[in-house]
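# Below are the sequence and a predicted model; questions follow.
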Amino acid sequence: MIQDQEKLQSRGEPAPDISALTFQMAKGDEAAYRRFYELYFHRLLRYLVVLTRNEESAREALQITFLRVVRYCRKFESEEAFWSWLTVLARSSVVDEQRRAKRYFGFLARFFERGKIETEAANSQTEVQLLELLQAKVGQLPADERELIERKYFHGETVRQIAEENQTTEKAVESSLVRARKRLKQMILSQMRHES
């Protein structure tokens, strides 16, 4: 933050009052959030690039970090304490994003295994393309099927948990999952055939 403060002072801007800034942010003040974004966007992005060694992953984690700042911000008395809190949020965002990616890859593996489709990613680029295709096609499912797929495979909920929350039977949930997987498989295979 010292370099950022020096840049601000060189432009004739005073160093930010972190106590006042974070107090206003905690109250939901939009101007305070714009100021926070201006002050911390590049610094947090640099920090996350170092952590992830990948700018795209860093930007994804940065979005999650900003959402958490909005949700959990409170007043901080010093810049050091605020920055320390931000780095904790940033690190946990990276870990959560990595877990989410693993769930997607795990779902892909189970999905293709269930359909008896023999496929093997030649390299990480192929895996990324498959993941992007899966994300796109899951987003095109009807809302009820999309929610069911996400809850079961991306959030790790059990069939029993879903059935209890929806006040239905496990058998009904399983039947809905079979239909959703079949539709998703057809959509993905159709897209793959079209591209090849």
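Perfect, I can see it now.

# so what are the domain limits for the protein?
As assigned by automatic domain parsing, the chain contains the domains 2-98, 120-195.

# Quick one: name whatever helix or strand follows the helix or strand where Glu80 lies.
Glu80 is part of helix 79-114 when elements are defined by DSSP states H and E. Next helix or strand after helix 79-114 toward the C-terminus (DSSP H and E): helix 124-140.

# Tabulate the domains of the chain (a markdown table), appending mean pLDDT and mean neighbour count.
For the C-beta atoms, the positions are set from N, CA and C on the backbone; glycine is no exception. A markdown table is the format used below for the domains of the chain (pLDDT from 0 to 100; neighbours: other C-beta atoms under 10 Å):
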| stretch | mean pLDDT | mean neighbour count |
| --- | --- | --- |
| domain 2-98 | 86 | 15 |
| domain 120-195 | 79 | 14 |
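
# Could you find the closest non-adjacent residue to Arg146?
Val138 (5.9 Å; C-beta to C-beta, 6 or more residues apart in numbering).

# Quickly note the distance from that neighbour to Thr52.
Using C-beta to C-beta, to the nearest Å, we find Val138 at a distance of 24 Å from Thr52.

# May I have the secondary structure class of His42?
Of the three states, His42 takes helix according to DSSP: H, G, I helix; E, B strand; the rest coil.

# Equivalent analysis for Gly156, please.
coil.

# ok, the residue nearest to Arg146 touching Arg151?
No - assessed by C-beta atoms under 8 Å, Val138 is found out of contact with Arg151, at 11.8 Å.

# shared neighbours of these two, anything?
Common contact partners of Val138 and Arg151 (C-beta atoms under 8 Å, 6 or more residues apart in numbering): none.

# Distance from the chain centre to the one helix or strand Leu48 maps to, please.
Here Leu48 is covered by helix 30-52, with elements defined by DSSP H and E. Helix 30-52 sits 17 Å away from the centroid of its parent chain (C-alpha atoms, centre = their mean, to the nearest Å).

# Thank you kindly, that will do.
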